[in-house]
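1. Let me see the structure of the following:
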Amino acid sequence: MTFTAIDFETATGYSHSACAVGIITVEDGIITEEFHTLIQPPENEYWYRNIMVHGIKPADTLRIPTFDTLFPEIQKRLFGKKIVAHNEAFDRGVLAKTMKYYGLYYDELEIADKWECTVKIYRAKGYKPANLRACCDRNNIQLNHHEALSDARACAKLYLLHDGQVKMRV
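-> Predicted coordinates:
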């Protein structure tokens, strides 16, 4: 099982305001790479309620590059891959809208229009609730919720578990 799990955090209620991303690369059922970076959102603007969720503040990203500068590192981890996210519509929307904001073209990533979604998978298994915290608690997966790398890692582990894969390294 080879795929890439991703999680974004946003600075505001706008989808193009990515302020952090975590990306986990899985090859043949084994986690082989973890990538995390903060991202300076447009105008380095944050909404208080978003800060309360993830704890990232304007001072944390003041000297961090914007998405367009960081995009080559993100692109090389996503290009042509099977992508998995816990709430794929949210994370896919953040990626697509942030790319559009910076004049980048989503189609050039050569990834699916819809990704694999662990929240949908676990809902179909009967999990209520099927949010990331509940799924991780039920499956004894460590989680520092709303930290992008931890969320992406947890998503990758959930995706591996749903298919009966249990080999994990990192």
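2. use CA for all of it now, contacts and neighbours both
-> OK.
3. in what helix or strand does R133 lie?
-> According to DSSP states H and E, R133 maps onto helix 132-138.
4. Now do that helix: everything it contacts.
-> When contacts are defined by C-alpha atoms under 8 Å, 6 or more residues apart in numbering, helix 132-138 is touched by residues H86, V119, Y122, Y127, P129, Q142, L143, H145, D151, A154, C155, L158.
5. cool, and stretch 43-53?
-> Residues from elsewhere that reach stretch 43-53, judged by C-alpha under 8 Å, 6+ apart: T10, A11, T12, G13, K57, P58, T61, L62, H146.
6. among the residues you listed, which ones are buried?
-> T10, A11, T12, K57, P58, T61, H146 (16 or more other C-alpha atoms under 10 Å).
7. H36 versus the second one, what's the distance?
-> Looking back up the chat, that one is A11. As for A11, its distance to H36 is 16 Å (criterion: C-alpha to C-alpha, to the nearest Å).
8. same thing with the third one?
-> Shown here: T12 relative to H36, a distance of 19 Å by C-alpha to C-alpha.
9. One more: the fourth one?
-> K57 sits at a distance of 16 Å from H36 (criterion: C-alpha to C-alpha).
10. picking that back up, and of the contacts of stretch 43-53, the nearest to V21?
-> Of all the contacts of stretch 43-53, T10 has the smallest distance to V21: 9.1 Å, by C-alpha to C-alpha.
11. show me what contacts that closest one?
-> Contacts of T10 (C-alpha under 8 Å, 6+ apart): H16, S17, A18, C19, A20, N50, V94.
12. Can you tell me which of these lies closest to Q40?
-> C19 (5.7 Å).
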